[in-house]
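K.L.:
Okay, sequence plus prediction incoming.
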Amino acid sequence: MLFLFSITWGTVSGWWVPACLVLGLLYAWIFYRQPVNLSNKFRYGLFAVRAIAVTVIALLLVSPLVKSVSYNPQKPLVLVLQDNSQSIKMFRTVSEAKVSPTGGDLEGAWVDALAGLKQQLGDTYDVQEFNFDKELNNGLSKSFNGKQTNLSNALHQLNDRFVNQNIGALVIATDGLYNQGSDPQYEAKNFKNSIYTIALGDTVAKRDLLIGNINYNKTAFLGNDFDVEILAEAYQSKGENIRLNITEDGKQVNSQSIPVTSNSFQKQVTVKLNADKKGLRKFNISITPVKNETSTQNNSETIYVDVLDAKQKVLLLYEAPHPDISVIRQAIENNRNYEVKVSLVADIVTVKPADYNLVIFYQLSAVSNGAIQNIIKSKVPLWYLVGAQTDLNNFNSNQKVVRISSGRLEMQEVFAQPTTDFTAFTLSDSSRKKIINFPPLLAPYGSYGSPPAGGVLLKQRIGAVETTYPLLSFGDDAGRRVGVLNGEGLWRWQLAEYQAYGNHHAVEELFSQGVQYLTANANRQRFIVYTAKHVFDEGENVIINAELYNDALELVNTPDVKIELKSEAGKNYSFLFSRNDKSYQLDAGTLPVSEYNYTATTKNGAKQFTATGQLTVKPLNLESRQSAANHQLLNTIAKQSGGKMLQPSQINQLANLIRKNENIKTVVFEDKHYNDIIDVKWVFVVILGLLSLEWFIRKREGEI
């Protein structure tokens, strides 16, 4: 680092310098014009010392600026990013295991070759190493134990960490497969440097049978048939048969054989099952493994279906026609467990609230407030949809979940931003990704009171700014479940989703899940325990909620709630729920892979309450779902940045490629600082030294 100093005058005129010099000379001349005991030698020397000292002191009074300039050279950064997910180990090629500087045949030897890049480049470059799976981690790794791959997140974190630094090159060693996050091509475009990719894995799919996806309704009617759509896939297995089995409590309920007609085979199979028993039913869907199959972890899945003995009836009330009403009706009725009646507020004189499991109020004004009081006084769950016509004063007084303070009747565009702490129910990852990109809704302009912790499913995002204001929230209001959607324009969501994906799955799932949650306690159970979802992934925290109601059906959480989970192997896990606002919540952490039955107990006064249920923690087999590496993705990322895709055997060429890249070079940063001369400490040292020297000589010569 190099420093340079100079004096600048800023707003002060530079003509003060000769004036200060004249002052110093005049002062020294007056002081030494008639010395008594000094020889001419000391007289002239002390004259110069006094003149300099006085000149510097005068300059301090004028206060010019001292400019310091530092030149800081920064070596080019070379970032090495290595995939540490299980797919690297599962589907490696023979050549990857032989990439070693010593020619050894060691698993992961290419990691050693990658680690040698730092030594090959020497001190001229700053090489920093990272590995990634779901998250970004420091250093290289040979464990290959990551159960999820999120390349875009790793690139995003690197870009944030080294923003405004001299990144010369980025080296990415991966197979191009990812099962979390967005397309990494978009995140890679944020890097303005060359990207070199190391293409791991084999582009030829391995021999494998698997269940690609399962679509089904989470609820069904007692005595009815319901469909389960299963995507069966097979690779490098032409001539084999996919043996598909469905069992319930160990008893086979369906079985069929599907012939595999190609080496890249997919078939959507629709299976009809009968809802002959009420309650939560668990089905295991599996494919019988074939000889030499690469992985059997992806051959089975577990689903839960809640069988109800009657349809849930929903009443949708409105004052004036709006395209959102049709969207809401279609989204709810897509689930055959729900029956929707749409009615004008003026026609509800004969409506009996007890006939319905849920009432939806769509943009009700002050005119309708009197007409709906009979419904509000009942304990029927409510869902408010707020828009431009909503009377906010009555809205605030009729429920306590969300409060909106607005001084003027204005609407603003807000985007939906899913939260991570909502645990009442779970939206699929695909729906969350869709909702983020949906067009904006129109929400009342103003300030919003925050619902209870964990009660907000969607927050408002205004432009690029994420706010704490709720867009869609759920809560409990005096023993009644209440939902609030603060926005209108759902028809835009429906059109946008159909245009982009050809379906309405996200909108339908959002309303189906919301209605299911709001109507879950319609039978007025005093003690209910429910999981955030029935099937948890391995390594995912198991979240369980509980609600306890007193005799007045008011939510209370004074008594302790205990729960015991029992695995298939007979191991017991005991927990005590934590209190969360007026209800209970348990974060049981990560549990071993198994199927669990649970029993929760509590006591309110003299009454004992018990609730039972079951959940599954399934192996996370995302890494085994894709066996063919995606080298096309790696080649695209490298080319669009001016880099190059290499094979593992070519890692030793990286150092030369980086040295020859003229865009990778040391950058010198210039840093300028301005300080008042009075703040420069060494100036005072000079003045003190000059005056001390003068005093010492005069003392010695007897002039003092």
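P.N.:
Looks like it came in fine.

K.L.:
Point out where the stretch 351-500 of the chain drops to low pLDDT.
P.N.:
The model of the stretch 351-500 of the chain has pLDDT under 70 over residues 453.

K.L.:
mind listing the strands in it by residue range?
P.N.:
All strands of the stretch 351-500 of the chain, identified by DSSP state E, counting those that start in this stretch, fall at 358-362, 382-386, 404-405, 411-418, 441-444, 447-448, 456-462, 465-477, 480-486.

K.L.:
Show residues contacting the first one.
P.N.:
Spelled out, that is strand 358-362. 312-319, 322, 324-325, 328, 353, 372, 375, 380-385, 387, 515, 518-519, 522 (CB atoms under 8 Å, 6 or more residues apart in numbering). All C-beta atoms are positioned from the backbone trio N, CA, C, and that covers glycine.

K.L.:
State the phi and psi torsions of the spatially most central residue of the chain.
P.N.:
Centroid-nearest residue in the chain: residue 420, 7.8 Å away (criterion: CA atoms, centre = their mean). Torsion angles at residue 420 (phi, psi; degrees, to the nearest 10) stand at phi -110, psi -10.

K.L.:
what residues are up against it?
P.N.:
Under the criterion of CB under 8 Å, 6+ apart, the contact list for residue 420 is empty.

K.L.:
circling back to that earlier point, tell me which of the contacts of strand 358-362 fall in helices.
P.N.:
324-325, 328, 375, 515, 518 (DSSP state H).

K.L.:
Could you work out the most separated pair of those residues?
P.N.:
324 and 375 (20.1 Å; CB to CB).

K.L.:
Dump the host helix or strand of residue 610 to CSV, keeping only the CA atoms.
P.N.:
Element membership for residue 610, per DSSP states H and E: strand 607-618. Output of strand 607-618 as CSV, limited to C-alpha atoms (Å, rounded to 0.1, in the frame of the first residue of the first chain):
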residue,chain,number,x,y,z
LYS,A,607,-61.8,-32.5,32.6
GLN,A,608,-59.1,-34.6,30.9
PHE,A,609,-58.6,-34.2,27.2
THR,A,610,-56.8,-36.5,24.7
ALA,A,611,-56.0,-36.2,21.0
THR,A,612,-54.3,-38.7,18.8
GLY,A,613,-52.9,-38.7,15.3
GLN,A,614,-50.1,-39.9,13.1
LEU,A,615,-47.3,-38.5,10.9
THR,A,616,-44.5,-39.7,8.8
VAL,A,617,-40.9,-38.6,8.5
LYS,A,618,-39.8,-39.9,5.0
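
K.L.:
Give me the average confidence score over that strand.
P.N.:
In this model, strand 607-618 has a mean pLDDT of 92.

K.L.:
what's the pLDDT at residue 4?
P.N.:
Value listed for residue 4 in the pLDDT field: 58.

K.L.:
Next: residue 97.
P.N.:
Per-residue pLDDT puts residue 97 at 47.

K.L.:
and what of the one 3 residues further on?
P.N.:
pLDDT, the model's per-residue confidence, is 45 for residue 100.

K.L.:
Please verify my assumption that residue 248 contacts residue 281.
P.N.:
Yes: using CB atoms under 8 Å as the test, residue 248 is close enough to residue 281 to be in contact (6.3 Å).

K.L.:
export stretch 244-251 as CSV, just CAs?
P.N.:
Output of stretch 244-251 as CSV, limited to C-alpha atoms (Å, rounded to 0.1, in the frame of the first residue of the first chain):
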residue,chain,number,x,y,z
LEU,A,244,-47.0,-50.5,-8.8
ASN,A,245,-48.5,-51.3,-5.4
ILE,A,246,-50.7,-49.3,-3.0
THR,A,247,-51.2,-50.5,0.5
GLU,A,248,-53.2,-49.2,3.5
ASP,A,249,-52.0,-50.4,7.0
GLY,A,250,-50.1,-53.3,5.3
LYS,A,251,-53.1,-54.4,3.2
